[in-house]
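> Got a predicted structure plus its sequence, pasted below:
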Amino acid sequence: MFYYCSFTWFPHVGREMVAQRMVQQHDAGQNNPDKIIGWYNLAGGGAGFLIVKYDDPREVTRFLSPYMDLMSFDVRAIYELDYDERIKELRDLASGS
């Protein structure tokens, strides 16, 4: 399953703190880059989101837990839609079929 993990740094957190934690977790083999589908920062810094793929939601929590003193997370399960298939479904729904 895919998860959208939005993050916002806490006010007291700086770039060096996040950099140190990221490198620490990476060096410990805990960031699981093979599970990260996408990683995006918002313009202005201090916030962004990850798209990750895990079979068990508890693994998402385990993955994010080491960062929870630095930033807040909003995590949601997501699924992909095929545009053409979705339009067909919506067209059928809109026409009452």
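Cool, the structure landed.

> contacting residues for residue 35?
52, 53, 54, 63 (Cβ atoms under 8 Å, 6 or more residues apart in numbering). Backbone N, C-alpha and C define where each C-beta goes, glycine included.

> Could you identify the buried members of the residues you listed?
By neighbour count, with 16 or more other Cβ atoms under 10 Å, these hold 52, 54, 63 as buried.

> Take these and keep only those in helices.
Among the buried ones among the contacts of residue 35, the residues falling in helices (DSSP state H) are residue 63.

> Closest to residue 12 out of the buried ones among the contacts of residue 35?
residue 63 (22.9 Å; Cβ to Cβ).

> show me the contacts for that closest one.
30, 31, 32, 35, 52, 54.

> try 7 Å
32, 52 (Cβ atoms under 7 Å, 6 or more residues apart in numbering).

> To which secondary structure element is residue 7 assigned?
According to DSSP states H and E, residue 7 maps onto strand 2-9.

> residues making contact with that strand?
Defining contact as Cβ under 7 Å, 6+ apart, one finds that strand 2-9 is touched by 18, 37, 46-54, 60, 64, 70-79.

> Okay, strands next: where are they in the chain?
Using DSSP state E, the strands of the chain run over 2-9, 36-41, 47-53, 71-78.

> What residues of the last one count as buried?
Within strand 71-78, the residues scored as buried using 16+ other Cβ under 10 Å are 71, 73, 75.

> what sits up against stretch 78-97?
For stretch 78-97, the external contacting residues (Cβ under 7 Å, 6+ apart) are 2, 3, 4.
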